[in-house]
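S.K.: Coordinates only, no sequence provided:
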């Protein structure tokens, strides 16, 4: 790793918790690109979206990640809290880039609005850091493990090249306005078809949700449980269509404001 790469400060979080396999695999690859700081939830925080903690304290503890040179902490808050606390209070300097993931399950289409993996990346973008959200299918990660380094190398370099251009007064912002959203297909490696870039966010959904009445409660109360029906309907040129067809999907997603 050259001097430029070794000076990069990388903050990593996720929404599956600090012990999640996807986070471990991402950190294991990210250390090849710079100095890694991990601030991740102390447990599962899926579907927390971009929520932050305002009325309760946020507890942060050192964590032995088991990798030399990795600075790691657990956080009692949401993934967005992890980015805020990590970059503002825990790290002694601002991160050069934030990675969120690797999430267990796709974050494509309309699911992005609920995703805490994307939410953490959106918080990073709001704070002014280049941000990449990474997710994969639940049934396997052969493609992820084979192409993670290649994808990170491309996107991290793009972020720094764009940052240099912005300092010269040219180039388009990839920080406050957008995140980069990456999804790896769950297909076997021999069925993998390639990488598709500039994918649009699908207006469809992988699960069409309904709610089952599970129990009637006292005083007219009702207890419901979500019941998602799996479907594979997606428009051509979109993120969801790409992963369903066996491609890695890379696309930019707009942040609020």
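M.R.: On my side now, so go ahead. Fair warning: this is a prediction, and the values are worked out from it, not measured in the lab.
S.K.: Near the residue nearest to residue 186 when sequence neighbours are not counted, how many residues? Count them for me, please.
M.R.: Nearest residue to residue 186, sequence neighbours excluded (Cβ to Cβ, 6 or more residues apart in numbering): residue 137, at 2.4 Å. Heads up, the C-betas are built off the backbone N, CA and C, glycines and all. Residue 137 has 19 neighbouring residues, counting by other Cβ atoms under 10 Å.
S.K.: Could you double-check that residue 137 lies in contact with residue 184?
M.R.: Yes. Between residue 137 and residue 184 there is a contact under Cβ atoms under 8 Å: 7.1 Å.
S.K.: need the strands for this protein, in chain order.
M.R.: Assigned by DSSP state E, the strands in the chain fall at 9-13, 35-41, 60-62, 71-75, 97-104, 131-136, 178-184, 194-196, 207-217, 221-230, 247-254.
S.K.: can you redo these as a markdown table with distance to residue 48?
M.R.: Compiled in a markdown table, the strands of the chain are given as follows (distance: least, Cβ to Cβ, whole Å):
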| stretch | distance to residue 48 |
| --- | --- |
| strand 9-13 | 12 |
| strand 35-41 | 9 |
| strand 60-62 | 17 |
| strand 71-75 | 12 |
| strand 97-104 | 12 |
| strand 131-136 | 14 |
| strand 178-184 | 16 |
| strand 194-196 | 28 |
| strand 207-217 | 17 |
| strand 221-230 | 16 |
| strand 247-254 | 17 |
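S.K.: Redo these as JSON lines? Include mean pLDDT.
M.R.: What follows is these, written out as JSON lines (pLDDT from 0 to 100):
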{"stretch": "strand 9-13", "mean pLDDT": "97"}
{"stretch": "strand 35-41", "mean pLDDT": "97"}
{"stretch": "strand 60-62", "mean pLDDT": "97"}
{"stretch": "strand 71-75", "mean pLDDT": "97"}
{"stretch": "strand 97-104", "mean pLDDT": "96"}
{"stretch": "strand 131-136", "mean pLDDT": "97"}
{"stretch": "strand 178-184", "mean pLDDT": "96"}
{"stretch": "strand 194-196", "mean pLDDT": "97"}
{"stretch": "strand 207-217", "mean pLDDT": "91"}
{"stretch": "strand 221-230", "mean pLDDT": "90"}
{"stretch": "strand 247-254", "mean pLDDT": "95"}
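S.K.: nearest to residue 160, of the ones you listed?
M.R.: Each of these has some distance to residue 160 by Cβ to Cβ; the shortest is strand 97-104, at 7.8 Å.
S.K.: Tell me which other helices or strands the closest one touches.
M.R.: strand 9-13, helix 21-30, helix 79-85, helix 116-127, strand 131-136, helix 142-167 (3 or more Cβ pairs under 8 Å, 6 or more residues apart in numbering; DSSP states H and E).
S.K.: rerun at 6 Å
M.R.: strand 9-13, helix 21-30, helix 116-127, strand 131-136 (3 or more Cβ pairs under 6 Å, 6 or more residues apart in numbering; DSSP states H and E).
S.K.: The ones you listed: which one's closest to residue 209?
M.R.: Going by Cβ to Cβ, the one of the helices and strands packed on strand 97-104 nearest residue 209 is helix 116-127, 17.3 Å.
S.K.: Which elements pack onto that closest one?
M.R.: So helix 116-127, by 3+ Cβ pairs under 6 Å, 6+ apart, packs with helix 79-85, strand 97-104, strand 131-136, strand 178-184.
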